[in-house]
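Undergrad: Fold the stuff below for me.
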Amino acid sequence: MLSIVLETAIGLALIFYLMALVCSALTEAIANAMRKRAKYLLRGLRELLDDPGDTGTGPSIVAPVAPIVAEQALYSQALAANATTVPPTSAAADGASDPWTTAVMGHALVRPFKEARSTRQKTRNPSYLPARAFASVLVDLIVPDTDGETTLTAIRGHVAALDDSTPFKGALTSILKRTEGDVKSFVSALEEWYDDQMDRISGSYKRWSKRWLVVIAVVLVGAAGLDTLSIGRSLYEDAPLRAAVVAAAANESLCDQDESFDETRECVRSTLTELGASNGLPLGWSEDSRPTTFAGWLLKALGLAITAAAAALGAPFWYDALNRLGSLRNTGPKPKPAKP
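TA: Purely as a prediction, here's the structure:
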């Protein structure tokens, strides 16, 4: 009895793992297509260096679209920036949108991080910028055209000379007050300041990704008709099906996230199709799987909701669950690890 329950749990964990894989892969593909990591990096820089202003609040019917437009405009502006971009302290930069962010992205130390295709043309803004590079660029922008080594005294003077409207002047002044010794300690403090902001931005990106993951899970689970209650019942009652699913879970060639979205989708599709066609796993919206009563539809909806919620937990969660359940049963080889 206990082994039946354990094998049923392994079977359900496998279904959840496969769905989480394809949902996560699709979410990642969407993020890459929309350049979301690079845009969140730019958002973080803008919040640090430039006043983001009002990107769309108020009664206008287009207000919800305004942040998206502003985000894309900043992305294009940063992509076009180069070493000749007007310095933020120049009079020519007055009235420019996000001048400090643009200047950072156009700096010679940042441009190598812009991804390039085989044509060697810069085609994407970086999705990641090391704290050391950011700190070096900011010091260079604050204290331009320095002859010889930059000193802490020179930095203090240039920060004090910044216009009071410069959004980050207060932050740099506070950092300088806490800085003791030399430029190296100031640069280290800048790196910590930057890392703290990137941690917040990383959290924002994860929340965005989670929302998309939930939406994608609902859509894909509904389209595939993956009803946890129906699948669980079949696994519990059908010993050959249970054995086939447990064997698939212990297979070393089990799908993982080291593959592209197309490869992941094909792997998950073929695995589910084989389990469904050859072993009778209830998948899809066949005539027999469609409820005929209102209560039946409620149970069907509940089963679909459970599957979608489980898939939204992510592949790493279900990979760990498969490992633990497999260890309890001592089924053999573990599935390949999913990327966190």
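Undergrad: if I read this right, G314 contacts V22, doesn't it?
TA: No. Judged on C-beta atoms under 8 Å, G314 makes no contact with V22 at a distance of 12.0 Å. All C-beta spots, glycine's among them, are computed from the backbone N, C-alpha and C.
Undergrad: Can you classify L283 by secondary structure?
TA: Here L283 is recorded as coil under DSSP: H, G, I helix; E, B strand; the rest coil.
Undergrad: Please tell me I have it right and it contacts G225.
TA: Yes. L283 is within contact range of G225, at 6.3 Å (criterion: C-beta under 8 Å).
Undergrad: could you point out the longest helix in this structure?
TA: Longest helix of the chain, by residue count under DSSP state H: helix 183-224.
Undergrad: Show the secondary-structure elements that it is packed against.
TA: Applying 3 or more C-beta pairs under 8 Å, 6 or more residues apart in numbering; DSSP states H and E, we find helix 183-224 packed against helix 2-33, helix 36-49, helix 131-142, helix 152-161, helix 169-178, helix 294-311.
Undergrad: Figure out which of the ones you listed is closest to V221.
TA: Smallest distance to V221 across the helices and strands packed on helix 183-224 (C-beta to C-beta): 4.4 Å, for helix 294-311.
Undergrad: Send over that closest one as CSV, restricted to the C-alpha atoms.
TA: Only the C-alpha atoms of helix 294-311 are listed here, as CSV (Å, rounded to 0.1, in the frame of the first residue of the first chain):
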residue,chain,number,x,y,z
PHE,A,294,-21.5,20.2,-13.4
ALA,A,295,-19.9,18.5,-10.4
GLY,A,296,-17.6,16.7,-12.9
TRP,A,297,-16.5,20.0,-14.5
LEU,A,298,-15.8,21.5,-11.0
LEU,A,299,-13.5,18.5,-10.3
LYS,A,300,-11.9,18.9,-13.7
ALA,A,301,-11.3,22.6,-13.0
LEU,A,302,-9.8,21.8,-9.6
GLY,A,303,-7.5,19.2,-11.1
LEU,A,304,-6.3,21.6,-13.8
ALA,A,305,-5.8,24.3,-11.2
ILE,A,306,-3.7,22.0,-9.0
THR,A,307,-1.5,21.1,-12.0
ALA,A,308,-1.0,24.8,-13.0
ALA,A,309,-0.2,25.8,-9.4
ALA,A,310,2.3,22.9,-9.1
ALA,A,311,4.0,23.8,-12.4
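Undergrad: Okay, buried residues for that helix please.
TA: Within helix 294-311, the residues that count as buried by 16 or more other C-beta atoms under 10 Å are K300, G303, L304, I306, T307, A308, A310, A311.
Undergrad: List the residues that contact the closest residue to the first one other than its chain neighbours.
TA: With C-beta to C-beta, 6 or more residues apart in numbering as the measure, P291 is the residue that lies nearest to K300, at 5.1 Å, once sequence neighbours are left out. Contacts here follow C-beta atoms under 8 Å, 6 or more residues apart in numbering; on that basis P291 touches W297, L299, K300.
Undergrad: Break this protein down into its domains, please.
TA: As assigned by automatic domain parsing, the chain contains the domains 2-29+211-329, 35-53+63-197.
Undergrad: so which of these gets nearest S204?
TA: domain 35-53+63-197 (6.3 Å).
Undergrad: average pLDDT across that closest one?
TA: For domain 35-53+63-197, mean pLDDT rounds to 82.
Undergrad: Between the two ends of that domain, how far is it?
TA: 19 Å (C-alpha to C-alpha, to the nearest Å).
Undergrad: How far away from the center of its chain is that domain?
TA: 23 Å (C-alpha atoms, centre = their mean, to the nearest Å).
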